[in-house]
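Undergrad: 3D, please:
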Amino acid sequence: NFDRTSLDSCDFLAHNATCTTSCEAGHTLECDPGGLSGDACATMQCFEGSFRGTNNVSVTPSTHRCVPRCGVVPDVQHAVNLAQYANAEHGESFQFACAAGYLPGGKLTCSEGSYNQPACYAINCTGLPPLGWGSNPDRANYLSSSLENCKNLTHGSTCDVFCESDHSLTCEDADIAQSS
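TA: Numbering: from 1, shown residues only. Okay, here's the model as predicted:
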């Protein structure tokens with residue numbers, strides 16, 4: 001996937017002469033995997049009969065290659081503004097955001113022309129507020145046995161609490177709010 005014209009400029013170079021390589025459209029130049037990419041490794045120098053990059057590493061087919069860019073970002077339920085990461089270069093990673101009540105599970109990463117499939121996970125409410133409203137502030141102990149179905153609520157879900165008057169609990173961003 002190298003641009004043929006750029007490769008031809010590297011044929012028959014004199015010692016210490018340089019040439020610049022490029023990739024076809026939709027690809028990114030990578031050299032010294034785990035190291036340089038793009039323009040940083042485009043220039044090569046002929047040195048004692050072999051090529052080396054600007055980082056003085058020998059250029060071989062395994063260290064100098066064109067890899068496809070990623071195109072359209074995958075659909076990630078509850079993620080926001082993912083389109084801004086379209087057409088990423090190989091190796092790029094992005095910390096993306098999720099809607100209120102959700103946390104990202106990992107990063108969005110482009111590898112060999114494909115994105116990984118990250119997820120947004122719901123934030124659970126793990127506790128209960130003190131239930132001391134009404135005429136008896138010690139009601140919390142009495143009601144705790146009837147609140148089993150109110151544990152681990154996901155964002156936006158509710159459960160009913162029955163006491164002197166009906167109350168409802170709502171999970172909002174990992175906090176439980178009470179309403180009467």
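
Undergrad: what's the burial count for residue 53?
TA: Applying other C-beta atoms under 10 Å, we find 21 other residues in the vicinity of residue 53. Where you see a C-beta, it was placed from the backbone N, CA and C, and this is true even at glycine.

Undergrad: hmm, I was thinking of residue 20
TA: Around residue 20 there are 12 residues (other C-beta under 10 Å).

Undergrad: Kindly report the same for the one 4 residues further on.
TA: Burial measure for residue 24: 12 neighbouring residues, criterion other C-beta under 10 Å.

Undergrad: Can you name the element that comes right after the lowest-mean-pLDDT helix or strand in the chain?
TA: Every helix and strand in the chain was compared by mean pLDDT, DSSP states H and E; the lowest is helix 139-144, with a mean of 45. Scanning forward in sequence from helix 139-144, with DSSP states H and E defining helices and strands, the next element found is strand 153-154.

Undergrad: Report all helices and strands that that next one contacts.
TA: Strand 153-154 makes packing contacts with strand 124-125, strand 167-172 when contacts are defined by 3 or more C-beta pairs under 8 Å, 6 or more residues apart in numbering; DSSP states H and E.

Undergrad: Show me the least confident stretch of these, going by mean pLDDT.
TA: For the helices and strands packed on strand 153-154, mean pLDDT drops lowest on strand 167-172, to a mean of 59.

Undergrad: Contacts for stretch 92-104, please.
TA: Outside stretch 92-104, the residues that touch it by C-beta atoms under 8 Å, 6 or more residues apart in numbering are 76, 78-82, 85, 88, 107-110, 118-123, 154-156, 171-173.

Undergrad: Weed out the non-buried ones from those.
TA: Of the members of those, the ones counted as buried by neighbours, 16 or more other C-beta atoms under 10 Å, are 76, 78-79, 82, 85, 88, 108-110, 118, 120, 122-123, 155, 171.

Undergrad: among those residues, which are in strands?
TA: Within the buried ones among the contacts of stretch 92-104, residues falling in strands by DSSP state E are 79, 108-110, 120, 122, 171.

Undergrad: Which members of those are the farthest-apart pair?
TA: Of all pairs drawn from those, the one with the longest distance (C-beta to C-beta) is 110 and 171, at 34.4 Å.
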